[in-house]
Every structure is written in C-alpha cells, then in structure tokens.
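# Sequence plus predicted model, see below.
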Amino acid sequence: MVGREGQVDNDLFYACGLVEYIGRQTHNRRSAVISALGPERLKRIVDFADVLHCENIDAVAARFVDEAGIGEGSFDNVSCARYGVPSHWDMGKVYKRLAVGIMRERGLSAVDALAEAFRSPIAPLIDDYNGSFFYEAPANILTAHLTGVVE
C-alpha cells in the first residue's frame, strides 16, 4: 500500500471521479456514461488511472467522450441543485467507497464493482444534490445498495 489507501482504491477513485466529470460535461446519467464507455474502456481507465490522473481531466474526458461516442444528454443535476454542489471528486469518493464495498462483499473485479455502483438502484438518491443521501456514512450507502432498503 502506498499512502492511506491501496492502489485499487486510488484507481477506483480516479475512475469514479472521471465518470462523474464526463456525466456533468455531457449531461448524462452516470449509468449512461458507464454503458457508453463499456467494460473495456472502464478497465483501461482503472488500469491506467495512475497515469491518466497526471493529465488534464478535460483532455482525458474529451478523449473518452469522443472514443465512446457519448452524446449530449438531458440530465443536469448540477444546475438543478438549490444548495452547494459537491465536486466531481467529492462524488467520485462516494461512488469509490460504494464500489470498494461491492467489490469486497460480492468478490467482483474493480471494473464490475464500478459499473454496479453507478447502475445501482440507489444511484438516483446519490445523484440528488438537493437531498442528503450522498452524505450518508459509506456503510449505510453500501447496505442500502446491497439490501435495496434505504433507512
């Protein structure tokens, strides 16, 4: 382990932040970004996260948007927010924690856990910046995902 977290956790953090960033730039639900990128591109993002994070995120995002043919969507949770908007890195951390939990609980690969996190039935709650679900403890978010029950 280098730093406070392991390499896989750091790679997932970058990948989740990038997916969030692309979703905001293209006004797409993050699940749509995940689908458009597909498993091979997601794997490439995770595998090369330690290199990609050294590049300008606008350039990285534009490259993957062009490569995957991600078009303009109509989902804009940023402009709909009535309060402070968490950064793409803040939301990347929320989704990274969920993906790491899924990976450990279900024994999935990092890429499969990443995709499952963004496709979770609780993702709309996480993506609602007018709510507070994304502030919940990571264990509560993981439990809600695993059980389908939000308390």
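Nice, thanks for sending it over.
# Now for residue 23, how many residues are close by?
27 (other C-beta atoms under 10 Å). Placement of C-beta: from N, CA and C, glycine included.
# Residue 114 versus that one, what's the distance?
Distance, residue 23 to residue 114, by C-beta to C-beta, to the nearest Å: 13 Å.
# tell me the phi and psi of residue 31?
Dihedral angles phi and psi of residue 31 (degrees, to the nearest 10) take the values phi -60, psi -30.
# who's in contact with it?
Residue 31 makes contact with 118-119, 123, according to C-beta atoms under 8 Å, 6 or more residues apart in numbering.
# who's in contact with residue 144?
Going by C-beta under 8 Å, 6+ apart, residue 144 touches 122, 125, 136, 150-151.
# shaky segments in the chain?
By pLDDT under 70, the weakly predicted segments of the chain are 1-3.
# how about the helices in it?
Along the chain, counting by DSSP state H, helices occupy 7-26, 30-47, 49-52, 57-68, 88-106, 110-118, 123-126, 138-147.
# closest to residue 77 out of these?
helix 7-26 (8.2 Å; C-beta to C-beta).
# Now do that closest one: distance to the chain's middle.
Computed by C-alpha atoms, centre = their mean, to the nearest Å, the chain-centroid distance of helix 7-26 equals 5 Å.
# Taking their axis directions, that helix and helix 88-106 sit at what angle?
Counting by axes from the mean of the first three to the mean of the last three C-alpha atoms, to 10 degrees, helix 7-26 points 130 degrees away from the direction of helix 88-106.
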